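Colleague: Structure for this input, please:
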Amino acid sequence: MHMVKKLVIALAATSAVVAPVAASAASGVRAGSMVEGDSELEGNSGWLIGLVGLLAGVVAIVLVADNDEDSPTSP
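Modeller: Take a look at the predicted model:
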């Protein structure tokens with residue numbers, strides 16, 4: 001159970017870091033500078049958002065499917 005808690009905390013920390021970065025990249029607002037030619041190195045962060053969603057789904061399935069057979073018994 002300790003490993004699941006660590007995994008959930010790591011996922012929460014990662015999503016807290018990735019969400020603002022992905023949101024700022026998706027807004028399209030950038031500081032302009034003068035350049036001679038156009039760059040063809042445009043990125044697409046859609047796959048990153050999908051990956052975070054997929055990881056969240058897998059973690060949710062693992063948490064729901066966790067077998068809690070260690071329920072306390074009292075005499």
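Colleague: Tell me the secondary structure at Asn44.
Modeller: coil (DSSP: H, G, I helix; E, B strand; the rest coil).
Colleague: Count residues in the vicinity of it, would you?
Modeller: The tally of other residues near Asn44 (other C-beta atoms under 10 Å) stands at 8. In short, each C-beta sits where N, CA and C put it, glycine included.
Colleague: What pLDDT is listed against it?
Modeller: The model reports Asn44 with a pLDDT of 73.
Colleague: That one and Gly50: what is the separation?
Modeller: Asn44 is 11 Å from Gly50, where distance means C-beta to C-beta, to the nearest Å.
Colleague: can you give me the helices for the protein?
Modeller: 2-27, 46-65 (DSSP state H).
Colleague: okay, those helices in TSV with distance to Thr73 and mean neighbour count next?
Modeller: Formatted as TSV, those follow (distance: least, C-beta to C-beta, whole Å; neighbours: other C-beta atoms under 10 Å):
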stretch	distance to Thr73	mean neighbour count
helix 2-27	22	12
helix 46-65	23	12
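Colleague: Go through the ones you listed and name the closest to Ser74.
Modeller: Ser74 sits nearest to helix 2-27 of all those, at 24.4 Å, using C-beta to C-beta.
Colleague: Give the other helices and strands that the closest one contacts.
Modeller: Other helices and strands packing on helix 2-27, by 3 or more C-beta pairs under 8 Å, 6 or more residues apart in numbering; DSSP states H and E, are helix 46-65.
Colleague: Report all helices and strands that the helix it packs on contacts.
Modeller: helix 2-27.
Colleague: for this structure, where's the lowest mean pLDDT among helices and strands?
Modeller: helix 2-27 (a mean of 77; mean pLDDT, DSSP states H and E).
Colleague: now that one and helix 46-65, what's the angle there?
Modeller: 150 degrees (axes from the mean of the first three to the mean of the last three C-alpha atoms, to 10 degrees).
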